[in-house]
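# could you look at this predicted model? Sequence included:
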Amino acid sequence: MAEAQPARTAGLGARAGQGRIRIGTRGSRLALWQAAAARDALAAAHGLDPEAVEIVPITTSGDVIRDRPLADAGGKGLFTKEIEQALLSGAVDLAVHSAKDMETVLSDGLVIGAVLPREDVRDALVARAAESLDALPAGARVGTASLRRAALVRRARPDVEIALLRGNVPTRLKRVEAGDFDATLLAVAGLKRLGLEHHVRALLPPDLFPPACGQGAIAIECRASDRRMRELLAPVDHRETAAAVACERAFLAALDGSCRTPIGGYARVEGGILRFDGTVLSEAGTESHSASASGDSGEAEAIGREAGEDIRRRAPAAFLARIGIV
């Protein structure tokens, strides 16, 4: 067995070309954790020394612009644009993203080559004192930059104040601890990956608090024309997670969903059947429209698209226009 390892590594090197495989990623602790997870998955799948995979941190516009909501600064593509440019130029071979940060339509020439096994999809309440959303005091200040989270909180607690809170996970935790906010909402997946789940006060169930599409999933992007990288990624692609993410992204595409639209969706594969539930809300959280669809997991995109088109058919045109769906 010990003698077989170099042969497998050599085979990988032949397929991948000379030199290291370079993974582009944001430079936050969470992003670097995700890139390391992708590196380790590739190393395990191909018998590769992890040192042969280089992680290349790239500063994105989303990391620099923190004084206003993403919707006002250009959308969630701000977290991926510079990384995708590096991928297209050949400066890196792969790009690792939180799937929820990726634009609904990828740049020409790029594809999602693999999706790693999904973590917990739920949002978590992080609060100074309250043990649940219901327990927050009247007028509590809840920090978030997500229109979806803001709308869902307003739906549950119209009496609280929503205020802008941007920054990486540790920064947002510190702002709550410092008393700048009474609470915030964070993805459970990110807290777990950083070993910070002890900050969770309450877990918010997906049926009442639908997560962002792609939440908890790590996507690995590559050039569509790069056959070698696509072959390398194939063994690390988690089929059920990939189907769920494809379904959720198709739901977004059917609704032209972006960070300017309060939208949530959750797909999961149960016994070979993919089940999807999606919701679109008004910013105030006072109106919402939901759809469910299911079918064979091999029809993931069609299932997500069906749910999105169902909402388009049933929701009033005035409501859709108000939240930016045309």
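Happy to help now that I have it.

# can you read off the pLDDT for residue 166?
Listed pLDDT for residue 166 reads 89.

# correction: the previous question concerned residue 141.
98.

# quick check: it touching residue 161?
Yes. Using Cβ atoms under 8 Å, residue 141 is in contact with residue 161, at 4.9 Å. To be clear about C-beta, it is placed using only N, CA and C from the backbone, and glycine gets the same treatment.

# these two: who's more crowded?
residue 141 (18 against 12; other Cβ atoms under 10 Å).

# where does pLDDT dip in this structure?
Along the chain, the model assigns pLDDT under 70 to residues 1-19, 61-78, 257-259.

# would you map out the domains in it?
As recorded under automatic domain parsing, the domains making up the chain are 4-116+217-237, 123-204, 250-322.

# check which helix or strand residue 35 maps to.
helix 29-46 (DSSP states H and E).

# that helix - contacts with which helices or strands?
helix 4-16, strand 21-25, strand 53-57, strand 94-98, helix 169-177, helix 188-193, strand 218-223, helix 227-233 (3 or more Cβ pairs under 8 Å, 6 or more residues apart in numbering; DSSP states H and E).

# ok, residues contacting stretch 204-214?
For stretch 204-214, the surrounding residues in contact (Cβ atoms under 8 Å, 6 or more residues apart in numbering) are 98-102, 121-125, 133, 146, 148, 152, 156, 185, 187, 245, 248-249, 251-252, 257, 263-266, 277-279.

# next step: these restricted to helices.
148, 152, 156, 245, 248-249, 251-252 (DSSP state H).

# redo the helices and strands packed on helix 29-46 as CSV? Include distance to residue 86 and mean neighbour count.
Formatted as CSV, the helices and strands packed on helix 29-46 follow (distance: least, Cβ to Cβ, whole Å; neighbours: other Cβ atoms under 10 Å):
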stretch, distance to residue 86, mean neighbour count
helix 4-16, 17, 14
strand 21-25, 5, 23
strand 53-57, 7, 18
strand 94-98, 7, 27
helix 169-177, 24, 16
helix 188-193, 23, 21
strand 218-223, 11, 25
helix 227-233, 14, 18
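
# of all these, which lies closest to residue 290?
helix 188-193 (21.9 Å; Cβ to Cβ).

# and the following helix or strand past the closest one, how far out from the chain's middle?
As assigned by DSSP H and E, the chain's next helix or strand after helix 188-193 is strand 202-204. Centroid separation for strand 202-204 versus its chain: 18 Å, with Cα atoms, centre = their mean, to the nearest Å.

# just use 503 as the starting number from now, easier for me
Will do, 503 is the new start, and the previous item becomes strand 704-706.

# strand 704-706 pairs with which strands?
strand 625-629 (antiparallel) (DSSP bridges).

# contacts for the strand it pairs with, please.
Contacts of strand 625-629 (Cβ under 8 Å, 6+ apart): 634-635, 638, 651, 674-675, 678, 684-690, 693, 699, 701-706, 711, 713, 717.
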